[in-house]
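Engineer: no sequence for this one, just the structure:
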C-alpha cells in the first residue's frame, strides 16, 4: 500500500451553525454495560490463527484472580470473551511486605492474540505509534482502583507488572470493562440462517457494526475512531439492515453538510471531539457519497424535508465533480482529489472513478426529482454523455471488459461499471462472468471495502452463488483466523499483511467490513 | 554495595491509636508555590559535571515556547532553575492539520543532567524500576491541560513527543510546577559565612533539608519518600539548626513509637500513605536512634512531658539491645538485626556498633534521669561494662586505634568511639590524628551519612581544620559536579558510581546529606 497523507491546512472551511445544531440534536445516547472477563489465558503458537498466535486457558482461574501475586515481569492476560469497546478498570492491592516502591505496570489492550505477541518497542511503521493500545502506569499507593480515562477496543487485556520491589507483589481483582455503543439492540431481531457459516458471518457483521456505532459512525473503535464518508455510506446501509437507527445517519450527514470548504466541497472525514472539525483530506468519491448516503436514507426511510434541506449541498458535490469531466464525458483525474476505490495504488482507477460518477449521478437525479430541480435535464444529458463515453470508449467488446486509460483491465473497473448499471443486466452478468474467468482470483486487494463492492457487483449481476462463495472465502477466512469482529485490512493470500507493518496498529474491528449484514439481507434473505 | 532486602512479613506490629492520633495532630501544612521554568536547555557533554553531562541554554526561548511545534521524536527540556519537589502541569495544543491521532509523549523528570542522558529501557538494576521518574502519556483530544497526579523531584523536565501524525505537531505552553514542602521559611534566618564555599555548602544543605521536609521528614523526595529513623535523627539536628520545626520531629517520633513490634522493637522506617504502616526492616542502631532523637529534641527544646510519655518505648529499645551484649560487655552481632553504620559491607561493623550503643546509652541515662527511673544505676553499670570492654579489649594502645573482631582497623570504629566519647578528649584527638595518618584518605565510602559522622568526629576531637577540609572536599565536590541539593550516594573517588547501576534511580536530594547546616552551626559558627 502506498498511502499518502494529504496536508491542505490552508483550506478554509465553513461552519454552518444551524446544521451543526441539528447534528447535535441527533447525538445518540451511549449505552453502557459492565462486563467481567470470562477467563485468564496464555498466548500460544497456533498455526491456524492470525500470525500463528492463539490463546489457551491458563492454569490460573479468573475466580481466584485475587490469589495471584505478580512480581517484576509477571503477566496475566484477561479474556473478556468477545470484542469490547469501552473503558477499563481494575482493583489493585499488594501482598508481602509493605509497599516500599511504587507499582509500575503496563496494560496492553488487544483485539486479537496476534497483538499480544508484538512489542510496541519494535514498531517502526509510518502510522502514528500513538494508536498502540498500551499504557504505562505508576501507582504510588495501594490499594487503589485504577480507572483508565480512555476508551479502548479489545478482547484481551494483558496486565504486566514492570516492577514492584523484591519485597511485595501486586494483586489484581475485579477487572471490568464498561462497554460503550449507541447501537440499540432493544428492537433488533437478528436474521436466522440455516447455513451456520452464513449465520456466523452475519453475527460477526452485526457485532462489528455495533462496536463502531458510537457518537458517530466510527470507522474503527480502535483506530481512527472517526467519521469517514465512504465508510458512513456502508455503515448506513448495514444499519438499515439491522439496528435501523436513522437519527445517527442524519447526524452524520448534517456534520458533513455543515462543514464544507468555502467552495462547498465536502471533506472525506470529520472529527467531533473536542469540537466539530472537518479534516483537510479530500477524496473524489467520498465527497460524492454524500449524495449516495442521502439517497440511501431516502430509500430506507423517505424524508422529503431532509432531502430538500441537504439537496443544495449534494448538488454542490455534483457540480464540483462534473467540472472534472471533459466535453467527451471523460474523467480527468486530479491527484489532489484522488479516486480512492481501494488502498492499493497498483492499478489504474480512472474507469472505476468514471463508473462511480455514473453510479452517484443516477442517485442524484432521483433526489433532483424529489426537489423538482429545474436543471434535471442538464444533469440527465451529462449523465448520458459520461455513460456514453464509458460504453463507447472504455468498454472493449472484444474483451467484454472495461479498460482503463492505461489499457488495463482490472476488477475495480468492471465492478463499479456493473454497480452503476451502465450496461444491461444481461451484459452485466456476462461482464462479471468474464471478470471471474479472466481477472479472478482477486489478488493484492486488502480492503473489505473493495471486497464488498466485488461481492455486491456479483449479486447485482445475478451471480449469487459466486457472490456467496466469495463472501465465505473472504469474511469466513477472517473468522477461521480468529476474528470476533471484521478487520480494516485483510488479504487472504497473505493474512499476516499489515499496511502498517505491525498488528498492534491494525484495526480489527472496522465498520467498512461489516457489510455482509446488508448483503445477506438484500441479496440472500429477502431475495 | 551489597544491600540485602529484609523480608520479615510474619512480624506482628502494634498500632497504638492514641500515639497515632498525636502524630496526626502534628501533621504539618504543606506549603505550595507555583514556579515556571527559567529556560529551555539542551544536554551537552561537560567533563566537569556528574557523568560528564551538563546542559546549555537552547536556541529555543522559554518566552516563545508556544511557537515550537514538536513532531515524532522531537524533544524539549525545561529547566526550572533549581531543585523542585511538586506536581507538574502543562498546557498542550496542536498545530497543522486537524489532530488525526492521539498525542503520545514521554515526560521525564531529572534532578541532574546525568539522568537526562540515561534511558530507562537500559536500566537493569536490582532496585525497583518503578522509581524512574518517567511517564508515558496518551492524549486523545487537544487542547488539553495535562496535570500529572504524582509528585516528582526534579530540576529538569524533558518533554518528548513519541508521536503525533505526519499531519500535525504538538505545541506546549504554560508549564508549571506547584512545589510542595512543609519547611517554613517565614521565620528562618539563614546563616552568613565570609567563606563563599562554606556559604554555598550551607545554602545547598538548607535546600536539601527543605525539599525533604514534607508530611514527614522524608529520606528523599524522589526516592524512597519515607521516614527512616537513622535519617530522621540527622534531619532533626539539621532542623533545629535551621527551620526549627519541633512539631514535625514530634510527629515522626510518635509514628515510630506507635507502631513497634509486639515485643516492642522499633522498625527502621515507616510508611504513612495511604495509611500508617511500619516496615518490616530492622537495623540495630536505627531502633536505638529513637532514644537519640528524643534526647536531641529535649536538648533543643526541653519537653519533660514528651520524655515521660515516650520513655517506656525508648527503654524498650535499650533493653532489647542490651540482650545482645555478653557478660564481658561485648556486642554479639545478629545478622537479622544488623548494624548499619554505612552501606558498605566491606568492613567489620562490630566495634562501631559497640560504640553506637555507648553513644546512645549515655543519652538514655540522661533521659532516665529526667523521668527518675529507679533502674538508672543498673544502666550505668551496664554502660561501664560495655565501655570497659571497648577500652580494654577493642582499643589497641600500640596502634592508638580501636580494632574490630577481625583485627581490622577501620575508620568507622574510631569515628563512633570518638563520637561516643569513650576516651578522654585528648585521647580522642590523638585517635583521630592517628586515623587521619593511618586510615585516611577515606576510601570506598559512598554515603554522606558516614561522611557526616567522620566530619563530626573530627570536630568532636577538636580537629576543626581537618573537619572543614573534609566537608569541603566531599560536599563541595558534589557542588562542583552540579548539585543543587545533596545526594543519597557519592564516592568522590568514583563520582559516577551509583549503587543501583544508573543515575535515573539515584536520589540526588537526600536528607541524610543535609547535615552541613548542623555541623556548620554547631562547630563553625557558634564556636
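Structural biologist: That came through, no problem. This one's a predicted model, so the numbers in the text were calculated from it and none came from an experiment.
Engineer: C-alpha from now on. contacts and neighbour counts both.
Structural biologist: OK.
Engineer: For the stretch 51-200 of chain A, which residues are neighbours of chain B?
Structural biologist: Among all residues of the stretch 51-200 of chain A, those adjacent to chain B (criterion: C-alpha under 8 Å from any C-alpha of the partner chain) are A:96-98, A:100-104, A:127-131, A:135-138, A:140-142, A:150, A:162-167.
Engineer: Can you turn the buried part of those into a PyMOL selection?
Structural biologist: Restricted to buried positions by 16 or more other C-alpha atoms under 10 Å in any protein chain shown, the PyMOL selection for these reads:
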select buried, chain A and resi 97+98+100+101+102+103+104+127+128+129+130+131+135+136+137+138+140+141+142+162+163+164+165+166+167
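Engineer: Just the ones of the residues of the stretch 51-200 of chain A next to chain B in helices?
Structural biologist: When those are checked against helices using DSSP state H, none is located there.
Engineer: Hmm, residue A:447 and residue A:343 touching each other?
Structural biologist: Yes - A contact is recorded between residue A:343 and residue A:447 when judged using C-alpha atoms under 8 Å, the distance being 7.0 Å.
Engineer: any idea which helix or strand carries the closest residue to residue A:215 other than its chain neighbours?
Structural biologist: Residue nearest to residue A:215 in three dimensions, not counting chain neighbours: residue A:28, with 6.1 Å by C-alpha to C-alpha, 6 or more residues apart in numbering or on different chains. Using DSSP states H and E, residue A:28 sits within no helix or strand.
Engineer: Show the contacting residues for residue A:28.
Structural biologist: Residues touching residue A:28, when contacts are defined by C-alpha atoms under 8 Å, 6 or more residues apart in numbering or on different chains, comprise A:182, A:214-215, A:247-248.
Engineer: what do you get for residue A:293?
Structural biologist: In this structure, residue A:293 makes contact with A:232-233, A:236, A:253, judged by C-alpha under 8 Å, 6+ apart.
Engineer: Give me the subset of these that lies in helices.
Structural biologist: Using DSSP H, the subset of the contacts of residue A:293 located in helices is A:232-233, A:236, A:253.
Engineer: and which of the residues you listed is nearest chain B?
Structural biologist: Checking these against chain B by C-alpha to the nearest C-alpha gives residue A:232 as the nearest, at 17.4 Å.
Engineer: hang on, the closest one packs against residue A:217?
Structural biologist: Yes - when contacts are counted by C-alpha under 8 Å, residue A:232 is listed as touching residue A:217 (6.4 Å).
Engineer: Are there residues contacting both of those two? Which ones?
Structural biologist: Residues touching both residue A:232 and residue A:217 (C-alpha under 8 Å, 6+ apart): A:249, A:252.
Engineer: Among the two, which residue is more densely surrounded?
Structural biologist: With other C-alpha atoms under 10 Å in any protein chain shown as the criterion, residue A:232 and residue A:217 differ in neighbour count, and residue A:217 comes out ahead with 30 against 26.
Engineer: Could you report the neighbour count for the nearest residue to that one once chain neighbours are set aside?
Structural biologist: Nearest residue to residue A:217, sequence neighbours excluded (C-alpha to C-alpha, 6+ apart): residue A:227, at 5.8 Å. A count of nearby residues for residue A:227, using other C-alpha under 10 Å, gives 24.
Engineer: give me the beta-bridge partners of residue A:227?
Structural biologist: Taking DSSP bridges as the rule, residue A:227 bridges to residue A:270.
Engineer: surely it meets residue A:269?
Structural biologist: Yes - contact criterion C-alpha under 8 Å: residue A:227 and residue A:269 qualify, at 5.4 Å.
Engineer: Then residue A:89 would be within a strand, right?
Structural biologist: Yes - under DSSP: H, G, I helix; E, B strand; the rest coil, residue A:89 falls within a strand.
Engineer: residues touching it, list them.
Structural biologist: Applying C-alpha under 8 Å, 6+ apart as the definition, the contact partners of residue A:89 turn out to be A:145-148, A:175-177.
Engineer: Can you select the buried ones from those residues in ChimeraX?
Structural biologist: Selection command for ChimeraX covering only the buried members of the contacts of residue A:89, criterion 16+ other C-alpha under 10 Å:
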select /A:145,175,176,177
